[in-house]
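Peer 1: Provided below are the primary sequence and the corresponding predicted coordinates.
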Amino acid sequence: MERFVQFAAHILHRSALTLNPEWFLRQDESLTRVASPATCANIILGVTAATAIGIKSDSLQVFAVGLLWAVSVAALFYVATAGTRSCRRVVGASKTVVAGRDMLDALAILVLLGAATVSAYAVYTAIQNSSLTPLLNCTTVVIALLLSLCLLLHPSLIGIEISPLASAGEEALSVALLLMKCLARQAGMLCGSLSVLGALALGRATWTVLASRSSSEMLIGRIELLAGVTLVLYGLLLPVILYLAYICLALFADLARAVLKQLPENQ
């Protein structure tokens with residue numbers, strides 16, 4: 001097993017060289033920036049689908065839903081942008097320390113194994129079903145796992161410092177915050193990825209609605225439309241959800257840290 005441990009260490013070393021901080025920052029910029037054109041596409045596709053459904057069903061209410069969709073998505077994009085900036089700020093501002101890299105490397109191996117497993121499952125399912133849908137469904141998960149791997153290999157990106165002087169209590173708080181920090185730091189990238197996937201889903205649903213010739217085909221188009229709408233809304237709300245979850249956990253950690261600092265004085 002010692003050879004396996006050495007092999008795993010070599011894999012982590014090569015991964016750290018490939019998934020370096022510069023790579024992470026490039027992905028951060030590109031995936032976050034793509035949310036803007038994807039959101040514009042989502043607005044247009046949503047309005048187009050609502051218009052087609054309104055004409056085919058002779059309903060003015062559906063037109064109103066299309067207009068509401070456009071206004072809501074535009075407003076939520078502003079909210080997502082603010083949430084992304086807030087996540088970056090709070091993750092960078094909150095510094096935590098760990099005593100060594102052992103646990104970070106162990107988590108990195110688990111994340112790497114998870115990414116490989118999800119990728120293999122997606123490819124296998126896509127071949128079995130002769131469909132690209134499983135690949136699209138797993139894309140965001142694999143992206144998040146690879147980005148999390150990069151953050152674990154380079155913890156300074158999320159404000160985690162390695163110090164032999166860190167106490168067990170401080171390390172426990174850092175490990176508790178680790179997963180939430182990884183997710184919060186990826187808020188903008190996850191928003192962009194989900195927005196793109198939502199645009200693809202909305203594009204397919206809009207085409208189904210436009211090409212429908214029967215009530216059953218229209219029903220299929222509406223179901224696909226609902227799936228696309230869910231992806232888009234979830235992607236735009238995710239940065240705020242991650243921000244709120246992180247600051248709540250960080251508040252608890254700060255309170256616990258204050259208690260730990262007072263313990264020696266009371267002994």
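Peer 2: Noted; the coordinates are in hand. Residues are numbered from 1 along each chain as shown.

Peer 1: so where's the stretch 51-200 of the chain shaky on pLDDT?
Peer 2: Within the stretch 51-200 of the chain, the ranges that satisfy pLDDT under 70 run 165-167, 169.

Peer 1: please enumerate the helices of it.
Peer 2: Secondary structure of the stretch 51-200 of the chain, counting by DSSP state H, counting those that start in this stretch: helices at 60-93, 102-129, 133-153, 168-185, 187-211.

Peer 1: angle of the longest one against helix 168-185?
Peer 2: Calculated by axes from the mean of the first three to the mean of the last three C-alpha atoms, to 10 degrees, helix 60-93 forms an angle of 140 degrees with helix 168-185.

Peer 1: for helix 60-93, name the packing helices and strands.
Peer 2: For helix 60-93, the packing partners by 3 or more C-beta pairs under 8 Å, 6 or more residues apart in numbering; DSSP states H and E come out as helix 35-57, helix 168-185, helix 187-211, helix 215-266. Where C-beta positions appear, they are placed from N, C-alpha and C, glycine not excepted.

Peer 1: hmm, 10 Å instead?
Peer 2: Judged by 3 or more C-beta pairs under 10 Å, 6 or more residues apart in numbering; DSSP states H and E, the packing partners of helix 60-93 are helix 21-33, helix 35-57, helix 168-185, helix 187-211, helix 215-266.

Peer 1: L135 is nearest to which of these?
Peer 2: If you check each of the helices and strands packed on helix 60-93 against L135 by C-beta to C-beta, helix 187-211 wins as the nearest, at 10.8 Å.

Peer 1: re the thing from before, now mean neighbour count and distance to R33 too, for the helices of the stretch 51-200 of the chain, in CSV please.
Peer 2: As requested, the helices of the stretch 51-200 of the chain are exported to CSV (neighbours: other C-beta atoms under 10 Å; distance: least, C-beta to C-beta, whole Å):
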stretch, mean neighbour count, distance to R33
helix 60-93, 16, 11
helix 102-129, 15, 24
helix 133-153, 20, 15
helix 168-185, 20, 16
helix 187-211, 22, 7
